[in-house]
Every structure is written in structure tokens, then in C-alpha cells.
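>>> Task: produce atomic coordinates for the following.
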Amino acid sequence: MGGAGVAVIGDAGAMAVNPSGLALVKTIAVEGIYGWLPGGVEHRGAAGALRLGQFNLGASYQFLRYPEPSPAAHDLLWTAGAVYRYGLVAVGAALKYAAARDRAGALAASTAGDVGVTLAVFDIMALAASVQNLADRAASGPGVGLPTMGRLGFTLNFVDPQSNARLLGTIETVWVEGESRRTVLGAEGGVVVHGVGVVARVGHGGQFTALGQTEWTVGGSVVLGQLHLDYAYQQQRGSARDIHRVGVRWAP
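Numbers count the residues shown, from 1 in each chain. Predicted coordinates:
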């Protein structure tokens, strides 16, 4: 949905934008992603979350592999965090390690932290905010220079998500150090009967300037009980190849 995810909660992948979004994981959640990016770049990722009483623990991994003759070899990002939920309010924090290695073997790495807070009214609506890449410090070489980011978002289910219909909308504003403020809108809708169905998604709004992505994204999921098979597509300016991502989610 165009990257509007700070207030989309209950999945292990929430670790990427808002650690407090793990609070609605009921028992355990596992996710995996694979993406084809312009220039032959591969994107791989995984995330998991576990509930322990009023706490949720989570971790995620992201990896980008660059093809030759790119001077960059690969980038990776490890994130681990915890969430405490009391009533309708959840507060979370995470630590991250980001590293970039070039073809010559030189490594640049940084550490930083994320914090987030979510006000969730069951699974009907959520108001959430996060600040990412706090206290960025070089861990190897010059570091990777993680920019400080702020996110504020609101999500509303227009119909009861326990019914057969699905209709959700979200809006998110993002502040990135050194860039202008941007706002993203996202929506999903579909039908799920006896745990089986299809959900479509669309997003529109400002993207990271340096990445050259267009404002529109589309995608969807095939729902098979507790298993979700996901796909997302986004055009890339000035490139013959666009962005395709496939994923799988399991959350009993």
C-alpha cells in the first residue's frame, strides 16, 4: 500500500516501520519476502514475532544483493525488538544493525534504534507513530548514515474484519531527515469465506526521492486460512524493469 504501514498492525513485518505494531500478534507470526528490483537487484527478507503474556518479541532480516559490475556487493539489516501492551496502548522499541559491503570487501556498518507507540481499538482501528534510526552510530568504517525518520498513521476497518468482507483504509505521513514531508494513502478490499478468499490492495503517495519509485502501487493476497500469499508491484522511473515482490505470511 505504497509503504503506508505504521498503523497496519498484527503482522511480524510491522518490525520494519513500527515495533509497537507487533502488539496484536496473538501467538506467533512468521513472514518471508522475495523481490525483483531494477538493475537485477534481489531483495530477500524474513520476520518473526512471538507473544509472551503482555509482551511481544520480534526480529526481522532484510538483504539486498547487487549484480556485477555494481561496485556494491550487498546490504543487510537486522532488527530485534520488544513490545509491551497495556489495554489499548502498546509501546515498543527495537535495535538495528545495518551494513553495506562493496566488491573490494570493505564493510561499512551502523547501529541505531526505533521506538513506536500504537493505540489500537481491537482490530477495528489504530492510531500509531514511530521514530526510526535514532542515535545512529558507525559500527564499522564510516557507517551507512541512516536518516532519522518519523511516521504518523491511522488505519480503519470499514467493515468487521471477522465477517466475509474486507475493506480497510490507511493514511500515513512520513518525515525523513533531509527530505520534504510526504503522505501516503492505502486501501485494501476483498472477500474471505470460511477462511479462503482474495484481497486486493492499492497505494498512492510520495516515495523516497533517491529511489525513483512512482506514486502508485498495487497488489493483493490469496488467503488460505492462516496462510497468506502476497504480491506487490510498483513502477520505477527511468528503468526498463519495475519492482515485483512476493511474500508469504503465517499467523495462527
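
>>> Now for His204: which residues touch it?
Listed by CB atoms under 8 Å, 6 or more residues apart in numbering, the contact partners of His204 are Gly2, Val184, Leu185, Gly186, Glu215, Trp216, Thr217. Every residue, glycine included, has its C-beta placed from N, CA and C.

>>> quick one: the helices in the stretch 151-252 of the chain?
Counting by DSSP state H, counting those that start in this stretch, one finds no helices in the stretch 151-252 of the chain.

>>> how about low-confidence regions in it?
For the stretch 151-252 of the chain, residues meeting the criterion pLDDT under 70 lie at 209-212, 238-240.

>>> in this protein, which spans are strands?
For the chain, strands defined by DSSP state E occupy the ranges 28-37, 41-52, 55-65, 72-86, 89-102, 107-121, 125-140, 149-157, 165-176, 182-193, 196-205, 213-224, 227-236, 243-250.

>>> Buried among the contacts of His204? Need that as a selection in PyMOL.
Of the contacts of His204, the buried ones go into a single PyMOL selection, burial set by 16 or more other CB atoms under 10 Å:
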select buried, resi 2+184+185+186+217
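
>>> want to throw the contacts of His204 into JSON lines with distance to Tyr97?
Converted to JSON lines, the contacts of His204 look like this (distance: CB to CB, whole Å):
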{"residue": "Gly2", "distance to Tyr97": "27"}
{"residue": "Val184", "distance to Tyr97": "27"}
{"residue": "Leu185", "distance to Tyr97": "32"}
{"residue": "Gly186", "distance to Tyr97": "29"}
{"residue": "Glu215", "distance to Tyr97": "31"}
{"residue": "Trp216", "distance to Tyr97": "33"}
{"residue": "Thr217", "distance to Tyr97": "28"}
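
>>> Closest one to Arg241 out of the contacts of His204, please.
When these are compared for distance to Arg241 (CB to CB), Thr217 wins out at 15.6 Å.

>>> Report the beta-bridge partners for the closest one.
Listed by DSSP bridges, the beta-bridge partners for Thr217 are Gly203, Gln234.

>>> ok, it - contacts?
Met1, Gly2, Gly3, Arg201, Val202, Gly203, His204, Ala232, Tyr233, Gln234.
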